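Chemist: Next comes the sequence, and after it the predicted model I'd like to discuss.
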Amino acid sequence: MAEEGGNPEPEVPQDEGAEQPGIQGRVSTDIFKCARAMTGCGILAAPFAFAQTGMLAGILSLVIICCGTIYAAEVLVEAKYCAIKIMCAQEISTHRNAKGRIDNTELRMRVYRMTMYLSKYISLHKIGKLALSTTGSFFLDMAIILNQFGVAISCHILFGNTLYYMLFNGKPDVNAIEVYLMNETTPEGAAFILSKANPFLLIVFIAVSLPVYIGYIFLVKVRRYHLFGVSVDFLLVVTMCMGMVYACIDFHLADIVVVNDWKVFVGFSAMISGFQVIPVVLHLEPSTENTLEKFKPNIRKVVGPFGVFVLLYGFIGYLAFGSTSNQLLSTNFEIGIVSYVLDGLLLLLALIAYVVPITPVLAYVDVKLFSAGAFFGPTEEEVIILKFEEGEAKRRRGEEVDEEEKDEWELKPEEDTGDPLGGEVEIATIPMLDLNTEIPESVAQWKRLAARATVIGVGLIIALIMKDYYGYYLAFLGAVTSAPLTFIMPPYIFLALNRTATTSRLLMAINVVVITFGVIVSLGGVYVTCKEIFYRW
């Protein structure tokens, strides 16, 4: 039946297969993968973060971060469905303008297919573009990419520093008063003097990991890291558990600070750098049958236990070493078998964990430099000519050629490519930022490898500059990227996309308060962290 005029509100058919066998197991698997994606090298700065905030302020900061992460994830999912409604309304309007007369049955099925596709595959980039315009979505993408790049750089620093302190773990023969005055706390000062004792050797140790990282750039088409993910899980759990037990051997309550004035900003920022859930939220949610009610308890199952784990690790490390908690776990231990085991595990962790954050960064470089119309890529005209020649070649071979391009949601079920993540949530940043664009075959492979090597080399240079300030570096990274991605972007996107009149003033006020808090934490963290770094330079 066709009808003219008006704005039809087609009913979306219900999915008869909503209750699928094994759905609970798939949800549990995705929860585990999401928790794995959150667990990065940033957690190693937890004792340092508690030393900066103080005991009470550290616990309060962690509670705020966990609640903020859960709220940001829920708000981002709500914004996702607001974006889908807006895109469907735009599709209805476009369909009407193109055909004049609207077949409700055809339109209903079109909207249904579009809704089902976007519910599972809509990218964070598209949501950001709809809410923030092209310029705003660019800044959102850059925040995520810089966050991942910063985490990759921390792997450089972690590897080099750990190797250095593993081989040269003796206490330096320096004046204790001089050390205290230079760096405020004796263990931090000892590590500071030790790293300055032979800076060339420390640079060499940081650069040792470079061949491994450079070797990764040759894995151009690799998209699955099952072995890497499992190894990271194992190394993190074993390292943290051994670290906790070994810390308790020397347990004491000396020099415990409750609240540590303005350094709270440094500790808060360092702590939030360990929470990397926002880029993978939109992948976790579809496994809960695309219902916000089922998603909320699952995201709490991810963030809650992870927050408790960070609390125990940071709190015990802080109680063991008081306000003198160092930036690196291994530098606080005397020479012994446990110290060597911990250092060895940290070395493996730094090497393996590097793959996860650097993958979307290299994909972003490929797309921005070598895709069609990009700076070093072929022009749009060259791509059109190439596609035309490929079509002619198919016709000569008698193969079928699609004359018109279809929208993503117009693909037939059997043509659907399935899970774009390949089952691995660790690299969810790639599809979430629309980085699946194919690079034309005309682009020389050496150009792509050279660009990737340049990115990794830049990361090495930054790591060498920040080699003595691992904890402060993570605090700066958290203030610049993690805090905005958690407290500013999700509520702002939700307010921009939620155009219904049913939004309560209380909900709007809560989002405004969260955004304001994020701005204060971000600016305060950047200022105080930079001040501390320059003071110790």
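Modeler: Now that the structure is in, tell me what you want to look at.
Chemist: From here on, just use CA atoms for contacts and neighbour counts.
Modeler: OK.
Chemist: Can you pull the poorly scored residue ranges out of the stretch 351-500 of the chain?
Modeler: 373-374, 377-438, 442, 499-500 (pLDDT under 70).
Chemist: all helices of it, in order?
Modeler: Remark: helices assigned in the stretch 351-500 of the chain by DSSP state H, counting those that start in this stretch are 355-370, 380-396, 429-432, 445-465, 470-477, 483, 489-497.
Chemist: And those helices: which comes nearest Ile43?
Modeler: Ile43 lies closest to helix 470-477 among the helices of the stretch 351-500 of the chain, at 9.6 Å (C-alpha to C-alpha).
Chemist: right, and the helix or strand after that closest one?
Modeler: helix 483 (DSSP states H and E).
Chemist: Tell me which residues are up against that following helix.
Modeler: Helix 483 is contacted by residues 269, 272, 518, 521-522 when judged by C-alpha atoms under 8 Å, 6 or more residues apart in numbering.
Chemist: and if we set it to 10 Å?
Modeler: For helix 483, the surrounding residues in contact (C-alpha atoms under 10 Å, 6 or more residues apart in numbering) are 65, 68-69, 268-269, 272-273, 275, 477, 489, 517-523, 525.
Chemist: List only those of the residues you listed flagged as buried.
Modeler: Among the contacts of helix 483, those buried by neighbour count (16 or more other C-alpha atoms under 10 Å) are 65, 68-69, 268-269, 272-273, 275, 477, 489, 518-519, 521-523, 525.
Chemist: didn't Ile92 look like it was pressed against Glu106?
Modeler: No: the pair Ile92 / Glu106 is not scored as a contact, 11.0 Å apart, by C-alpha atoms under 10 Å.
Chemist: how about low-confidence regions in the stretch 201-350 of the chain?
Modeler: 201-207, 209-210, 212-256, 280, 283-292, 316-317, 319-336, 338-339.
Chemist: circling back: pick out whichever of Ile92 and Glu106 has more residues nearby.
Modeler: Neighbours were counted for Ile92 and for Glu106 using other C-alpha atoms under 10 Å; Ile92 has more, 21 against 13.
Chemist: Quick check: phi and psi on that one?
Modeler: With angles defined as degrees, to the nearest 10, Ile92 sits at phi -60, psi -50.
Chemist: can you pull the pLDDT of it?
Modeler: If you check Ile92, the pLDDT there is 75.
Chemist: Val310 touches Met271, doesn't it?
Modeler: Yes: proximity of Val310 to Met271 meets the contact threshold set by C-alpha under 10 Å, at 8.5 Å.
Chemist: Among the buried ones among the contacts of helix 483, name the ones in strands.
Modeler: If you go by DSSP state E, those have nothing in strands.
Chemist: between the residues you listed, which is nearest Pro297?
Modeler: Each of these was scored against Pro297 by C-alpha to C-alpha, and Thr69 proved nearest at 13.2 Å.
Chemist: Please tell me how far the closest residue to the closest one other than its chain neighbours sits from Phe275.
Modeler: Sequence neighbours aside, Thr486 is the residue nearest to Thr69 in space, at 6.0 Å (criterion: C-alpha to C-alpha, 6 or more residues apart in numbering). Using C-alpha to C-alpha, to the nearest Å, Thr486 is found at 9 Å from Phe275.
Chemist: okay, and the common contacts of these two?
Modeler: By C-alpha under 10 Å, 6+ apart, Thr486 and Phe275 have these common neighbours: 65, 69.
Chemist: tell me the secondary structure for Val259?
Modeler: When classified by DSSP: H, G, I helix; E, B strand; the rest coil, Val259 comes out as coil.
Chemist: what pLDDT does the residue lying closest to it once chain neighbours are set aside get?
Modeler: Of all residues not flanking Val259 in the chain, Gly54 sits nearest, at 4.5 Å (C-alpha to C-alpha, 6+ apart). Note on Gly54: pLDDT of 82.
Chemist: ok, now which ones touch Gly54?
Modeler: Going by C-alpha under 10 Å, 6+ apart, Gly54 touches 48, 60, 256-261, 263-264, 267, 315, 318, 322-323.
Chemist: give me that answer again for 7 Å
Modeler: With contact taken as C-alpha atoms under 7 Å, 6 or more residues apart in numbering, Gly54 is in contact with 257-260.
Chemist: could I get those residues as TSV with neighbour count and distance to Trp537?
Modeler: Below are those laid out as TSV (neighbours: other C-alpha atoms under 10 Å; distance: C-alpha to C-alpha, whole Å):
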residue	neighbour count	distance to Trp537
Val257	19	25
Val258	15	27
Val259	17	25
Asn260	19	22
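Chemist: Can you tell me which of those residues is closest to Pro211?
Modeler: Asn260 (41.1 Å).
Chemist: Next, that closest one: phi, psi?
Modeler: Here is the backbone geometry of Asn260 (degrees, to the nearest 10): phi -110, psi 60.
Chemist: my read: it touches Thr53, true?
Modeler: Yes: if you go by C-alpha atoms under 7 Å, Asn260 and Thr53 touch, sitting 5.1 Å apart.
Chemist: residues near Met55, how many?
Modeler: 23.
Chemist: list the contacts for it?
Modeler: By C-alpha under 7 Å, 6+ apart, the neighbours of Met55 are 257-259.
Chemist: From Trp537, how far off is it?
Modeler: Applying C-alpha to C-alpha, the value for Met55 to Trp537 is 27 Å.
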